[in-house]
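Participant: pasting a predicted model and its sequence here:
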Amino acid sequence: MNITESKVTKYIGLLIILMMLIISLSCSVLAKEEDIFNIGVVTSLTGEFAKGGEITVRGYNFWADAVNEQGGILIGDKRYKVKLIYLDDRSDNATAAKATERLALIEKVDLILGPFGDTTIACVPICEKYSIPMIDGSCEAPQLWEMQPEWVFGTCPAGPMNIKGPLDMLNEKLVSKIKTFAVVGINRPYDSKTAEKAREIGEGFGWKLVDYEILPSGLADFSSIVTKIKKADPDLFVVSALLEDHFKIIPAMKDYNYFPKALVMHYGPTAPEFIDNLGEDAEYIIGASPWTPEMKLKGEFFGTAQEFAKNFKAAYGHFPDYTEAACGAAGIVAAEALKEIGATPPLSIEKRKELKDAIANVDIDTFYGRVKFMTEKGDKFYHCIELFPSAAQFQGGKLWVVGSEKEENIEKQLIYPAPSWEER
């Protein structure tokens, strides 16, 4: 054998060894991928709903981190970790639909955790087209459930259900004191429907409606509506909007030296960003919440509501609001359903159909409360039906439950009427 032949033989040998290493590594990577549930998340990382999107991210991540710290979801005698694959819907319906499709076709996820806000509605036909179950921990738009989606479930009560809590409380505690009220909503599916429900409830109580406005989305200046409401001087002012709107309305109210006897705002007061942004100006504002960290609730995963809140604060520096809790509960539902069907990743279409049916039948006590979905066709189809909203009011810089169907949840007495800006 000459020197050239020797070199060729040597190179061929090295090439064979290299190919064997590549095959070995590929098999190792494949094995690792098969040990992971790929879970897609569509939510608003940018755009109008970005602040709400951040809240969902914290809730979903906290659940996924907790699962993986335990070694993963126990299926049979083996644990499978979860990987969350995020796509930004940019607070836009068309983008949300495309993101959902990408998760189904390109990322090939086993299931999806849903967006903050109304973009969930755009995901419904895509989930149905590709047979991908979605569990949403934050959408409060009642239009979603009116669609009777076959593949989408929700752990967060719709806005009209939530607003009922503080209005019922005010009517019960202030039987003859509230005679007039005004309602302002924003022209979005969730906000406008919640405002409409507030109007219906108030008029049902016999309160006189002195003003009702549905304002355009993205409004920068609320001074004109504040001036109008101040002139009407209702006993109760209800605002159905998002955090970004509240952060403009309250300064406008302060500029015009106006604060009603009772101010109910939804969504927002339970989110940590609310008090962080408004500080002392949040005092006496009333919000709606189906869950607070102090509620006497317990489940196998996360333990009590207090334990969940304590560990969440250690991770993120603040106590969770109900949306973050609902997103954590959405993850629990996913894990329970996967265990129920004995599913291992990746899931076939047939297994995803089994998973969808298993989600529909989930009935579990959690740190967030009992999670059970409506399975009868109607305007709450696949909506969590075992949650009951409470009313909470800022007092001394902290949000306290002041009204609840369960007396044991009440922490403070309602302050009414709220003092004016000058009296504080």
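Facilitator: Yep, it's here. Numbering: from 1, shown residues only.
Participant: can you show me the CA trace of the helix or strand harbouring Q143 as CSV?
Facilitator: Element membership of Q143, judged by DSSP states H and E, is helix 142-146. In CSV, the C-alpha atoms belonging to helix 142-146 read as follows (Å, rounded to 0.1, in the frame of the first residue of the first chain):
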residue,chain,number,x,y,z
PRO,A,142,-68.1,36.6,25.9
GLN,A,143,-68.2,36.4,22.1
LEU,A,144,-65.7,33.6,22.2
TRP,A,145,-68.1,31.3,24.2
GLU,A,146,-71.1,32.4,22.1
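Participant: and it, average pLDDT?
Facilitator: Mean pLDDT, helix 142-146: 89.
Participant: elements contacting it?
Facilitator: helix 120-130, strand 152-154, helix 189-204 (3 or more Cβ pairs under 8 Å, 6 or more residues apart in numbering; DSSP states H and E). Backbone N, C-alpha and C define where each C-beta goes, glycine included.
Participant: mind checking how far it is from the chain centre?
Facilitator: 15 Å (Cα atoms, centre = their mean, to the nearest Å).
Participant: mind listing residues that contact it?
Facilitator: 118, 120-121, 124, 136, 152, 154, 158-160, 189-190, 193, 379-383 (Cβ atoms under 8 Å, 6 or more residues apart in numbering).
Participant: ok, 6 Å please
Facilitator: Helix 142-146 has contacts (Cβ atoms under 6 Å, 6 or more residues apart in numbering) with T120, I121, A158, P160, P189, K193, D379, K380, F381, H383.
Participant: highest neighbour count among those?
Facilitator: T120 (30 neighbours; other Cβ atoms under 10 Å).
Participant: residues near the nearest residue to that residue once chain neighbours are set aside, how many?
Facilitator: Ranked by Cβ to Cβ, 6 or more residues apart in numbering and with sequence neighbours excluded, the top spatial neighbour of T120 is C139, at 4.0 Å. Neighbour count for C139, taken as other Cβ under 10 Å: 32.
Participant: can you check E172 too?
Facilitator: E172, neighbours per other Cβ under 10 Å, totals 11.
Participant: what do you get for K377?
Facilitator: 9.
Participant: and if you look at Q413?
Facilitator: 12.
Participant: looks to me like it is in a helix.
Facilitator: No. Secondary structure of Q413, determined by DSSP: H, G, I helix; E, B strand; the rest coil: coil, with no helix assignment.
Participant: and it, how far from G287?
Facilitator: 16 Å (Cβ to Cβ, to the nearest Å).
Participant: same question, K173
Facilitator: The value you get for K173 to G287, if Cβ to Cβ is used, is 16 Å.
Participant: these two: which has the busier surroundings?
Facilitator: Legend: neighbour count by other Cβ under 10 Å for K173 and G287, higher for G287 (29 against 15).
Participant: give me the beta-bridge partners of the residue lying closest to S192 once chain neighbours are set aside?
Facilitator: Distances taken as Cβ to Cβ, 6+ apart place G185 nearest to S192, at 5.0 Å, with adjacent residues excluded. For G185, the beta-bridge partners under DSSP bridges are I214, S240.
Participant: who are the contact partners of G185?
Facilitator: D191, S192, A195, I214, S240.
Participant: hmm, the second one is touching P216, no?
Facilitator: No. No contact is recorded between S192 and P216 when judged using Cβ atoms under 6 Å, the distance being 11.0 Å.
Participant: got the contact list for the longest strand seen in the chain?
Facilitator: The longest strand of the chain (DSSP state E) is strand 78-88. By Cβ under 6 Å, 6+ apart, the residues outside strand 78-88 that reach it are 35-42, 45-46, 64, 67-68, 71-73, 99, 107.
Participant: do stretch 282-297 as well
Facilitator: Against stretch 282-297 from outside (Cβ under 6 Å, 6+ apart): 157, 162-163, 165-166, 263-266, 269-270, 275, 305, 309, 319, 322, 325, 367-369, 387, 389-394, 401, 409, 418.
Participant: equivalent analysis for stretch 187-205, please.
Facilitator: Contacts for stretch 187-205 (Cβ under 6 Å, 6+ apart): 118, 140-143, 159-160, 163, 167, 171, 181, 183, 185, 212, 214, 216-217, 238, 240-241.
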